[in-house]
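A.B. asks: Provided below for reference: sequence and predicted model.
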Amino acid sequence: MAAALALSQKEISQRVAVLKRFKELLKAQRDRFQAYLDVLDKSREVIEGGTAEDLLRHVELEEKIVADIYSIQKVIDPLEAMYQRLEAPKSASSEDVPSLRSALEGLKTEAISRSGRNKDLLSKRMAELRSEIKSLRANPYTQKRSGFTNPVTTSRVDIRG
């Protein structure tokens, strides 16, 4: 009887530990998505009027945050399966999990939406820059040669005479 009680106490403590870790990871994932949304907002401003270096820094930051999101998700997926398998006891903290999951889903859809918007803005900006480069190349003054330049250059010099 005592062994059954000890085992059930062990199971309960295991379930509580899984629940706590799962909630921590969901909160960390939520924070990462919020940071990603902030970077996407700043990237929009940089796309519209920033320099190429600023844009490059924001893209690198976005890539880092997305990599963090994927790495946390790799840990969340098996932990969620373990959480479901253990059927954690209903408590106030276990009720937080569905609300965290729904908040995460909302942040994911918002991130996808903003990322798509930034992608469209970036495509438009790239088209503008390409047309600007073409107009610079078509400038007749950039292709006109000076009358003082010799188009024929010698490659050998006769030193004998």
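C.D. replies: Received it, and whenever you're ready, just let me know what you need.

A.B. asks: Which of the three states applies to Val157?
C.D. replies: Three-state call for Val157 (DSSP: H, G, I helix; E, B strand; the rest coil): coil.

A.B. asks: Check the burial of Ser115 by counting its neighbours.
C.D. replies: 16 (other CB atoms under 10 Å). Yep, even glycine has a C-beta here, placed from its N, CA and C like the rest.

A.B. asks: That one touches Val39, doesn't it?
C.D. replies: No: if you go by CB atoms under 8 Å, Ser115 and Val39 don't touch, sitting 10.2 Å apart.

A.B. asks: Check what contacts stretch 78-86 and list those residues.
C.D. replies: 11, 14-15, 18-19, 21-22, 25, 97 (CB atoms under 8 Å, 6 or more residues apart in numbering).

A.B. asks: between those, which is closest to Val157?
C.D. replies: Leu25 (75.3 Å; CB to CB).

A.B. asks: Grab the nearest non-local neighbour of that closest one.
C.D. replies: Of all residues not flanking Leu25 in the chain, Ile76 sits nearest, at 5.0 Å (CB to CB, 6 or more residues apart in numbering).
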